[in-house]
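Q: quick one, structure for this:
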Amino acid sequence: MIKATAIRKRFGDLEVLKGVSLAVRRGEVVSIVGASGAGKTTLLQILGTLSKADGGELTIGGESVSELGDRALSQFRNRHIGFVFQFHNLLPEFSALENVMIPALIGGVGEREARTRAEELLRLVGLSDRSDHKPSQLSGGEQQRVAIARALVNSPAVLLADEPSGNLDTQNREEIHRLFFELRDRLGQTIVIVTHDEKLAAMADRCIVMRDGAIVE
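A: Model (predicted):
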């Protein structure tokens, strides 16, 4: 599903990624771990097309994205990649249902179909009874479940998560961890997770360790 070859990234004089290569199979859950500054988030941003590499090749779902222009890349990202961040990034003025619908509407899906998809996903993550609540009325764990549903609304090829449980208490953290694997089992979802959480990293099918801009194991 993902094939990255010799990915390089530099910020000024600092080489953040030093020719990183990896492949992720369809339906695989992969964790990426390492100390702060190892290059984990930069790699995830490049895999998610949020940042462009200075060198190397990236293929997602069989399509080369390395040479796509900004407009084509934005469209590709909306259709094929879902993101889950540590701090949810939900829009406070919209309900849970509306937050989940937004990426589908941006992608050109009709309102009725977007609503149906969003309702199904909120049911899947256990929040069908909270769909009319705004983010301020939801717990941290509930907000992250909404964010996960939003990431899945366009049926992306890849779900990328950056410290998805880093801002949660122990109970909510464990529930979010289980949810990722339920999604893989139910939807066949391919998931890449950057995390400092040792338990979550160990649950993954494969754990990639980074150090100083390179994969070491």
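Q: going by C-alpha atoms from here, please, whenever you check contacts or count neighbours.
A: Noted.
Q: which SSE is the spatially most central residue of the chain in?
A: In the chain, the centroid-proximal residue (Cα atoms, centre = their mean) is Leu160; its distance is 2.1 Å. Applying DSSP states H and E as the criterion places Leu160 in strand 158-162.
Q: by contact count, what packs against that strand?
A: Helices and strands touching strand 158-162, by 3 or more Cα pairs under 8 Å, 6 or more residues apart in numbering; DSSP states H and E, are helix 40-47, strand 81-84, strand 190-194.
Q: and the residue nearest to the centre of the chain, what pLDDT?
A: In this prediction, Leu160 carries a pLDDT score of 92.
Q: for the helix or strand that contains Lys18, name the packing helices and strands.
A: Following DSSP H and E, one finds Lys18 within strand 14-24. For strand 14-24, the packing partners by 3+ Cα pairs under 8 Å, 6+ apart come out as strand 2-11, helix 40-47, strand 214-215.
Q: for those, give me CSV that also has distance to Phe181 and mean pLDDT.
A: Shown next, in CSV, are those (distance: least, Cα to Cα, whole Å; pLDDT from 0 to 100):
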stretch, distance to Phe181, mean pLDDT
strand 2-11, 19, 92
helix 40-47, 19, 90
strand 214-215, 24, 90
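Q: my guess is Ala157 contacts Gly188. True?
A: No: if you go by Cα atoms under 8 Å, Ala157 and Gly188 don't touch, sitting 9.5 Å apart.
Q: for these two, work out which one has more neighbours and name it.
A: Between Ala157 and Gly188, Ala157 has the larger neighbour count (other Cα atoms under 10 Å), namely 21 against 15.
Q: quick one, what contacts the closest residue to that one other than its chain neighbours?
A: Nearest residue to Ala157, sequence neighbours excluded (Cα to Cα, 6 or more residues apart in numbering): His80, at 5.0 Å. By Cα atoms under 8 Å, 6 or more residues apart in numbering, the contact set of His80 is Asn154, Ser155, Pro156, Ala157, Val158.
Q: could you rerun that using 7 Å?
A: Shown in contact with His80 (Cα atoms under 7 Å, 6 or more residues apart in numbering): Pro156, Ala157, Val158.
Q: what about the last one, distance to Ser31?
A: Separation of Val158 from Ser31 (Cα to Cα, to the nearest Å) stands at 13 Å.
Q: which residues in the protein form helices?
A: Assigned by DSSP state H, the chain shows helices spanning 40-47, 70-80, 96-106, 111-124, 140-152, 170-187, 198-203.
Q: would you mark the buried spots in the lowest-mean-pLDDT helix or strand in the chain?
A: Within the chain, no helix or strand scores below helix 170-187, which has a mean of 81 by mean pLDDT, DSSP states H and E. By neighbour count with 16 or more other Cα atoms under 10 Å, helix 170-187 contains the buried residues Asn172, Arg173, Ile176, His177, Leu179, Phe180, Phe181, Leu183, Arg184.
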